[in-house]
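1. Could you look at this predicted model? Sequence included:
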Amino acid sequence: MQSIEQRQGQQWNRDGYVLLTERMTASEREDLARWVAETAAWPEQPGKWMKWYEQTERGRQLCRVEDFVPYHHELAGLLQGAKLAAALEFLLGEPAALFKEKINFKLPGGAGFQPHQDAPAFTAFGQSYHVTVMIAVDPSTRENGCLEVGTHCTAGASYRKLQTARSIGAGPPRRRGSRSRWLPATY
Ligand SMILES: O=C(O)CCC(=O)C(=O)O
């Protein structure tokens with residue numbers, strides 16, 4: 001019988017992503033929701049965290065907070081803590097470093113995201129691997145705009161290498177004749 005870790009490792013190598021649905025307790029989720037709400041309430045302050053807004057029919061609306069780890073002890077502990085580090089090291093086969101953190105608020109009326117890859121935006125920094133970790137604060141459903149993941153994109157480990165800047169905005173690269181499709185990351 002395979003362990004959960006072995007099954008996750010196989011999915012990672014096959015599909016380029018894993019979905020973990022049982023890693024946070026109810027009280028950890030409550031803490032996370034509270035910490036995120038705290039960042040939303042922070043004032044805008046030049047030189048500190050960054051708050052981003054979008055225009056909606058109801059006016060300016062918060063869509064993103066970035067660079068909050070230096071200013072929020074508990075969120076820093078979650079994103080830089082041993083639990084996440086161990087999961088990433090298991091999947092990558094080497095330790096990972098936090099490169100950038102952001103909270104997407106996805107409030108009603110917001111624009112959402114076009115299909116894209118994150119990695120090509122950061123090639124100027126010279127990293128060899130790029131992994132995106134998403135932690136859902138609220139239930140993640142099609143109705144409320146969950147992340148959707150492109151599957152069957154490129155074979156195994158090569159998926160972990162950075163794609164070229166040419167693929168910005170193009171969505172994940174696809175193998176000829178593959179059964180590529182978008183899967184909602186729901187839980
Ligand atoms: O959550 C999503 O729907 C996509 C978020 C994303 O791709 C991003 O923030 O770069």
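-> Yep, it's here.

2. Going by C-alpha atoms from here, please, whenever you check contacts or count neighbours.
-> Fine.

3. Pull the number of nearby residues for the closest residue to residue 94 other than its chain neighbours.
-> Leaving aside its chain neighbours, residue 94 sits nearest to residue 88 (8.0 Å; criterion: CA to CA, 6 or more residues apart in numbering). When neighbours are counted by other CA atoms under 10 Å, residue 88 registers 17.

4. so residue 88 makes contact with residue 82?
-> No: look at residue 88 against residue 82 with CA atoms under 8 Å: they stay out of range, at 9.9 Å.

5. Pull up the residues of the chain that are close to the ligand.
-> Selection of the chain residues close to the ligand by CA under 6 Å from any ligand atom yields 113, 118, 146, 147.

6. sec struct for residue 94, please.
-> Here residue 94 is coil, with the state taken from DSSP: H, G, I helix; E, B strand; the rest coil.

7. Over to it: give its phi and psi.
-> Per-residue torsions, residue 94: phi -160, psi 160 (degrees, to the nearest 10).

8. And the pLDDT for it?
-> pLDDT, residue 94: 88.

9. so how many other residues sit close to it?
-> Neighbourhood size, residue 94 [other CA under 10 Å]: 11.

10. Kindly provide the distance from it to residue 87.
-> Distance, residue 94 to residue 87, using CA to CA, to the nearest Å: 11 Å.

11. Same check on residue 42?
-> In terms of CA to CA, residue 42 sits 30 Å off from residue 87.

12. related to what we said a few turns ago, where does the residue nearest to residue 94 fall, phi/psi-wise?
-> phi -70, psi -40.

13. tell me the contacts of it?
-> Residues near residue 88 by CA atoms under 8 Å, 6 or more residues apart in numbering: 94, 95, 96.

14. separation between the most centrally placed residue in the chain and residue 18?
-> In the chain, the centroid-proximal residue (CA atoms, centre = their mean) is residue 134; its distance is 3.0 Å. From residue 134 over to residue 18 the distance is 11 Å, taken as CA to CA.
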